[in-house]
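1. Build me a structure from this.
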Amino acid sequence: MILKGVLSAIVTPFTADGEKIDEAALRKLVEQGIADGVDGFVPAGGTGEFSVLSHDERLRLVEIVVDQTAGRASVLAHTGATSTREAVAFSKHAQEVGASAVMLATPYYEPIGFNEAFAYYAGVAEATDLPICAYNFPPATGLHLDVDFLLKLTREIPQVKYVKDSSANIMQMSTLINEHANEIHFLNGEDVLMLPALMLKAPGMVMGIANFMAPALAKLHQASQSGDDQTVVTIWRQIYPLICLLGSGRYNSGVKAACELLGLSVGPVRAPIPQYSSEQKAVLKNVLAEIDPALLTGAAR
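-> Next comes the predicted model:
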């Protein structure tokens, strides 16, 4: 299954006390996402709060999402970890339960360079047959996967077929899409660069806002691929204030707050991730009210 279109960086619903994954809510969220038009899901990613999940919780998340999608949407399981050993274990499990592909952010906290990052991806490729999506998010990992490194990856490790790029580097995005689309597929992971990515006809996107705004993103992607730039701009102008608000801080908390405001039960973020304040929720509610309801999740209608 080729990864393209709108991939939801699906949140991890928790019980009210944040202690357990709310499995029933997760299954409902998958169903709503499919109904809203997403092409795939990315469980246990950044928006899914993977950094505060246990090893077993990450395994269970992937199992549930794969089971609930039942082949109706792709599942790009985030299997990145701070050690190659654990990344391999997550990736082998993803293959065993039926994920479409695996995505790996490079290890963080302990600084590494390109040689170590290459060996990390190579180690995962040796352990699984699944397609691999490199995840470039330098603010979190401390390592920017530049064009040269990504091309080395895909040329020397054929399983590396995608990159989710959240670097906010518009030159890198343009180079990869315009000059190397036949070698590595670009998935935009940066909300604020959505407009230029759409204008460049990026083949796909991985977005946290897809949890509650998949109809807008599906329309944007379809318009982009068909060359309907006016529709792209019109929708973008509607959702831009929301993009700015979420990008101003506490992104994960904001996505979950938006879900709750629109009828999707996802619970709180898990400590120590900061919750949205009541004041922030009030501002968010007002911003959402300015968006055409047809662009928001059907759960709100």
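
2. switch to C-alpha atoms for all contacts and neighbour counts from now on
-> Will do.

3. Can you spell out which helices and strands pack onto the top helix by length along the chain?
-> Determined from DSSP state H, the single longest helix within the chain is helix 229-247. Packing partners of helix 229-247 (3 or more CA pairs under 8 Å, 6 or more residues apart in numbering; DSSP states H and E): helix 194-199, helix 210-226, helix 278-289.

4. one more time with 6 Å
-> The helices and strands touching helix 229-247, judged by 3 or more CA pairs under 6 Å, 6 or more residues apart in numbering; DSSP states H and E, number zero.

5. That helix: what's the following helix or strand?
-> helix 251-261 (DSSP states H and E).

6. List the contacts of that following helix.
-> 47, 212, 246, 275-276 (CA atoms under 6 Å, 6 or more residues apart in numbering).

7. can you rerun that using 7 Å?
-> 47, 208-209, 212, 246, 265-266, 269, 274-276, 281 (CA atoms under 7 Å, 6 or more residues apart in numbering).

8. Stretch 276-287 too?
-> Stretch 276-287 is contacted by residues 241-242, 253-254, 257 when judged by CA under 7 Å, 6+ apart.

9. how about these, which pair is most distant?
-> Pro241 and Ser253 (16.8 Å; CA to CA).

10. These two: who's more crowded?
-> Ser253 (23 against 16; other CA atoms under 10 Å).

11. And that one, how close does it get to Thr69?
-> Remark: distance between Ser253 and Thr69 (CA to CA, to the nearest Å) = 25 Å.

12. Filter the contacts of helix 251-261 down to the buried ones and hand me the PyMOL line.
-> Only the buried members of the contacts of helix 251-261 enter the following PyMOL selection, criterion being 16 or more other CA atoms under 10 Å:
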select buried, resi 47+208+209+212+246+265+266+269+275+276+281
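
13. Among the contacts of helix 251-261, which one sits closest to Ile21?
-> Distances from Ile21 to the contacts of helix 251-261, taken by CA to CA, are shortest for Val266, at 9.5 Å.

14. This completes my enquiry, with thanks.
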